[in-house]
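Asks: mind folding the following:
(2 chains)
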Protein chains: 2
Amino acid sequence: MEPFVGIDLGGTFIKGGLVGASGEILEELQIPTEADGGPAHVLDRMALLVRNLMETGGSSIRAVGIGVPGQVIIDKGLLVEAPNLPCWENVYVAEEMEMRLHIPAILDNDANVAALGEYSYGAGRGSRNMLMVTLGTGVGGGLILNGEVYRGASGGAGEFGHMIIARDGALCGCGRRGCVEAYVGTGGILRILQEHLQADEPSVLIDFDPKTITPKDISKAAEKGDAIARSVLKEAGEWLGVGIGSVANLLNIDRAVIGGGVAAAGAFILDPAAAMTKRTALKVSGGDLSVVPAQLGNAAGLAGAARLAMDLTP
Amino acid sequence: MEPFVGIDLGGTFIKGGLVGASGEILEELQIPTEADGGPAHVLDRMALLVRNLMETGGSSIRAVGIGVPGQVIIDKGLLVEAPNLPCWENVYVAEEMEMRLHIPAILDNDANVAALGEYSYGAGRGSRNMLMVTLGTGVGGGLILNGEVYRGASGGAGEFGHMIIARDGALCGCGRRGCVEAYVGTGGILRILQEHLQADEPSVLIDFDPKTITPKDISKAAEKGDAIARSVLKEAGEWLGVGIGSVANLLNIDRAVIGGGVAAAGAFILDPAAAMTKRTALKVSGGDLSVVPAQLGNAAGLAGAARLAMDLTP
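Replies: Here you go, the predicted model:
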C-alpha cells in the first residue's frame, strides 16, 4: 500500500511524517509553527511541509491527516478553537489544506489522533474499546469505542483529565477541584511531592529547587531507589487507577494505554495504576481490562493522523 | 407498522407489552416470575406471556425483545449472570425463546433497554449521545453513543453508579468507597438524612423510624416545605451532578435522562443535579448537555425491548 502523510500541528512545531501501511514512519520533518503569523501563515507552512513529504513519497500520496490541538468538528473539517494557537477560531482547516494541496485532507483533535495511532499500530492493537491517557502538564484522553474514535456530541469527548475523582479535593488548573489532572498532571505530582517533603521524610529530592523540579527528576530518583520518589509516583499512579477504574465501570473498556512524558516513570507509576484500576473496576466491567504503556511515543500522532487519511481513500 | 412484543424480566414479575410504532404500550400483561422454579420454568412462563400477547396482537408479531436483569452478550443472546435470578448462569435466553415461540428473540441488559426506550420514544428523543440514570436502591446506568446502545467489551458497560466521585468517601453497597451510588442510591440518601438529623436540625422526618423511612417520605416532606428534606435531596442531587458532569467530560454527551423511583422527587433532586452538572462539565464537553427527567416510567423497559425486536426484522 502507498504511504500516507500525517501531520501533528502543535503550538511550537509542525511535525510531518510519511507513514507506511503498518504505521512505520518512513520520513519525518519538523518546522517551527510560527503561530504568531496567524492561521493563514501556519496553513501555508503546513502545506509546505506536506509538499516536501509528497516529493519524498512520490505521486502516490493520496490524502493527508492532521492532528490539531483543539476542538474539532470532523465532518466539517473545522477547528473550533485551539487554546495554544492564538487567533484560531472556527478555521476550516481541511478545506484550506485541500485548496493548497489538491488532495483530500482530514483533521481531528490531537488526543484522538494519538489514541488512533496507538490503537492501530501500538499498544492498543487487539483491543476494541480503549482509553488512551497522555500524562504531561495536563492529562489528555482519547477514546476508541467499538473500534472507532469516539468524539461525542460536538467533538469534545475524551477529557479524562477532568473527571472528578475526589469532590472538593485538590485544586485543578481548570479551576475545579478533585479532577484526575489535579493528582496525575505535572502540578499534581509536584504537589504530592511537596506534601511528602514537608512531612520531613528524607529524600534526595529535598535538595531540588521546588520551582524547577520536574516529574523526570522524581522518576530518576525513584530509579536510584529513593523511597520518597517511589511513594510519590505510587500515590499518583493510584489516583490514575481510580480514574481508569471509573472509566472501566462506565465503558467496560478492554485496554488503557498510558503515554506522555510522565509515563516515562514506567512501572513506578503504571504498576500502582494497574493495581488500583483492578480494585476500582467491577468484575463485570473491568474483567478484560489491561493497563499498558504506550508504544509509539511521539510517533503516535503522526501514525494516527496518517491512519485517518487512509480512511478518506477507497 | 405492526406492533412488537417487549418483555421486562424481573426477579419478582415478568412484564410484557404489545408496543406500537411510536413506543406506545397497546397491551400490557404481568405475571409472577416464580424465579425459584429455575431458568427452564421461567423461560416457559415468559413464552406463555408472549403467546398471550401474540394472540392479542394477531399473526403480525414478528419478533420479541427482552430486557433482563444481568450481564448479556447480545450477539449470542446469552445471559451471563443475573444477581437477582438464582441459578441463572450462561443461559442462552434468545435461543430458548426462539425454540418455544418460533419467532426471532433478542435480549439486552434491562438498563440498556430502558435507555433505548427513553432514547427512542421518551426524554432522549433528539439526542445522539445520552446517559440514562436509574435511581433506586442501586443507581443504574445505560448509554446511547452515536445513536446506538453502547455495551462495551463484554456487555458490562453502563455502571455509572460505581464511578468513583469521592475517593475514600462514603461506603457503597459494592464494598468500594465514594461511588455515585453511595450518595445517590437509596442507602446514600438515607445516610445523608441521618447526618442532617443528627445535627439536631428540626424536621418532620425526625419522627420516622430510620429503619423504614424511604426516599419517598423525604420527597413528600420536601413538597410540604420541610427544609431538611429539601437539603437532603439537594445534597444528593449535587452528588449526582458531579457524576453526570464527569461523564460529560469523558463522553461529551448531549442528554442525561434521570429515571427510577427516587427521581420522583423531581425538581428537588434534578435542579441541583443539573446545576452541579453545569459546574462540573467543561464548556467544550458539556455545552450541549441538558439534564432532564425520564418520561416513560416503567414503560421504558417494554418500549425499549420492543425497539430492540424491531431491529431484528427487515
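Asks: how close does A:Arg128 get to chain B?
Replies: 6 Å (C-beta to the nearest C-beta, to the nearest Å). Any C-beta I mention is one placed from the backbone N, CA and C, and that applies to glycine too.
Asks: residues in contact with that residue?
Replies: A:Ile144, A:Asn146, A:Gly147, A:Asp254, B:Ala153 (C-beta atoms under 8 Å, 6 or more residues apart in numbering or on different chains).
Asks: which among those gets closest to B:Met46?
Replies: B:Ala153 (28.0 Å; C-beta to C-beta).
Asks: count the neighbours of that closest one for me.
Replies: 23 (other C-beta atoms under 10 Å in any protein chain shown).
Asks: list the contacts for the residue of the stretch 201-314 of chain A found nearest chain B?
Replies: The minimum distance from the stretch 201-314 of chain A to chain B, using C-beta to the nearest C-beta, falls at A:Asn252 (2.5 Å). If you count contacts by C-beta under 8 Å, 6+ apart, A:Asn252 has them with A:129, A:284-286, A:288, B:151-159.
Asks: A:Asp44: neighbour count?
Replies: 14.
Asks: list buried residues within the contacts of A:Arg128.
Replies: A:Ile144, A:Asp254, B:Ala153 (16 or more other C-beta atoms under 10 Å in any protein chain shown).
Asks: now these in a markdown table, with secondary structure, distance to A:Arg279 and pLDDT?
Replies: Shown next, in a markdown table, are the buried ones among the contacts of A:Arg128 (DSSP: H, G, I helix; E, B strand; the rest coil; distance: C-beta to C-beta, whole Å; pLDDT from 0 to 100):
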| residue | secondary structure | distance to A:Arg279 | pLDDT |
| --- | --- | --- | --- |
| A:Ile144 | strand | 24 | 98 |
| A:Asp254 | coil | 18 | 97 |
| B:Ala153 | coil | 19 | 95 |
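Asks: ok, so of these, who is nearest A:Gly20?
Replies: Using C-beta to C-beta, A:Ile144 comes nearest to A:Gly20 of the buried ones among the contacts of A:Arg128, at 21.1 Å.
Asks: what pairs with that closest one across the strands?
Replies: A:Met130, A:Val149 (DSSP bridges).
Asks: who touches stretch A:283-292?
Replies: A:123, A:241, A:244-245, A:248-258, A:270, A:273-274, A:277-278, A:280-281, B:71, B:152-154, B:156-157, B:159, B:162.
Asks: over to stretch A:49-57?
Replies: Under C-beta under 8 Å, 6+ apart, the answer for stretch A:49-57 is A:2-3, A:5, A:7, A:14, A:16-18, A:26-27, A:29, A:31, A:61, A:64, A:97, A:101.
Asks: would you point out the most distant pair within those?
Replies: Greatest spatial distance among the contacts of stretch A:49-57 (C-beta to C-beta): A:Glu2 and A:Ile31, at 23.8 Å.
Asks: tell me the residue of the stretch 1-150 of chain A that sits nearest chain B?
Replies: Per C-beta to the nearest C-beta, A:Asn129 is where the stretch 1-150 of chain A lies closest to chain B, at 4.7 Å.
Asks: check contacts around that residue.
Replies: By C-beta under 8 Å, 6+ apart, the contact list for A:Asn129 reads A:Ile144, A:Leu145, A:Asn146, A:Leu251, A:Asn252, A:Ile253, A:Asp254, A:Arg255, B:Gly152, B:Ala153.
Asks: list the buried residues of stretch A:227-237.
Replies: A:Ile228, A:Ala229, A:Arg230, A:Ser231, A:Val232, A:Leu233, A:Lys234, A:Glu235, A:Ala236, A:Gly237.
Asks: secondary structure class for the fifth one?
Replies: Right, the one you point to is A:Val232. Per DSSP: H, G, I helix; E, B strand; the rest coil, the local secondary structure of A:Val232 is helix.
Asks: who are the neighbours in contact with it?
Replies: So A:Val232 contacts A:Ile189, A:Ile192, A:Leu193, A:His196, A:Ile218, A:Ala222 (C-beta under 8 Å, 6+ apart).
Asks: go ahead and confirm the first one touches A:Asp217.
Replies: Spelled out, that is A:Ile189. No. Counting by C-beta atoms under 8 Å, A:Ile189 does not reach A:Asp217; the two are 10.6 Å apart.
Asks: okay, these two: which has more neighbours?
Replies: Remark: of A:Ile189 and A:Asp217, A:Ile189 carries more neighbours, 25 against 16, as counted by other C-beta under 10 Å.
Asks: for that one, pull up the helix or strand it's in.
Replies: helix A:186-198 (DSSP states H and E).
Asks: close to chain B, is that helix?
Replies: No. Using C-beta under 8 Å from any C-beta of the partner chain, helix A:186-198 never reaches chain B; the gap is at least 13.3 Å.
Asks: packing partners for that helix?
Replies: helix A:181-184, helix A:215-223, helix A:227-251 (3 or more C-beta pairs under 8 Å, 6 or more residues apart in numbering or on different chains; DSSP states H and E).
Asks: buried residues, that helix. List them.
Replies: A:Thr186, A:Gly187, A:Gly188, A:Ile189, A:Leu190, A:Arg191, A:Ile192, A:Leu193, A:His196, A:Leu197.
Asks: so can I have JSON lines of those residues showing pLDDT?
Replies: Output for the buried residues of helix A:186-198, formatted as JSON lines (pLDDT from 0 to 100):
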{"residue": "A:Thr186", "pLDDT": "92"}
{"residue": "A:Gly187", "pLDDT": "93"}
{"residue": "A:Gly188", "pLDDT": "95"}
{"residue": "A:Ile189", "pLDDT": "95"}
{"residue": "A:Leu190", "pLDDT": "94"}
{"residue": "A:Arg191", "pLDDT": "95"}
{"residue": "A:Ile192", "pLDDT": "95"}
{"residue": "A:Leu193", "pLDDT": "94"}
{"residue": "A:His196", "pLDDT": "91"}
{"residue": "A:Leu197", "pLDDT": "89"}
